[in-house]
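J.: A predicted structure for the sequence below; I have some questions about it.
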Amino acid sequence: MTVKKITNKSKIDKKDVVSKAKTKRSDRVKKEAITSKANSSQPPHNDNKSLFPKIYRFITERWKLIVAGVVSSVIIVGIILQSISLFNNMQEQQEIKAKRGSIEKELAFWRNQLNKYKDARDIYFRIAALEYELGDKEAARGDLQKVLEIDPNFKEGREMEKQIKL
């Protein structure tokens, strides 16, 4: 019997809680209706469409959207142009590195040939030209001096001497 009493009591407690919640909700709705009548001359509407403004804000501020669109478009175009420029510069850099590598290989080859032919004017001249191309003017001057020591009347050597001194 005690088990039945507990279950009946729990049923009663649930009913009491539900009825109290309903009364609180209805009291709150009544208070809101009274305050809304006092605050506005129009009766409250229950449909959701009346909660939204009839004139949307972005329509009245269209110029801000246009300015933002133009600014963002300019920024995007600038980014695209910079990326194209960066890509071209990277390609040029790779070409320069490849050319420099081939010049250095050729320079190593001619230095190796110099070990075989000690007094070869043309080998010294080619080494001087390659060093000048790499930007090492001092080494180019030294090799060019050796060329002119071997053959003081070497026309191309004299022309290169003028270029290096400039």
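T.: The structure has been received and is ready for your questions. Residues are numbered from 1 along each chain as shown.
J.: Tell me the first helix or strand C-terminal of the least confident helix or strand in the chain by mean pLDDT.
T.: Across the helices and strands of the chain, the lowest-confidence element by mean pLDDT, DSSP states H and E is helix 57-60, at a mean of 57. Toward the C-terminus, helix 57-60 is succeeded by helix 62-116 as the next helix or strand (DSSP states H and E).
J.: how about low-confidence regions in this protein?
T.: Low-confidence regions of the chain, defined by pLDDT under 70, span residues 1-26, 28-60, 166.
J.: Now do the contacts for residue 100.
T.: For residue 100, the residues meeting the contact criterion (CB atoms under 8 Å, 6 or more residues apart in numbering) are residue 134. (Each C-beta comes from the backbone N, C-alpha and C, glycine too.)
J.: rerun at 10 Å
T.: 133-135 (CB atoms under 10 Å, 6 or more residues apart in numbering).
J.: Looking at those, which are in helices?
T.: The subset of these located in helices under the criterion DSSP state H comprises 133-134.
J.: possible to save the contacts of residue 100 as TSV with distance to residue 66 and neighbour count?
T.: Written out in TSV, the entries for the contacts of residue 100 read as follows (distance: CB to CB, whole Å; neighbours: other CB atoms under 10 Å):
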residue	distance to residue 66	neighbour count
133	55	14
134	55	14
135	53	9
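J.: Alright, calling it a day.
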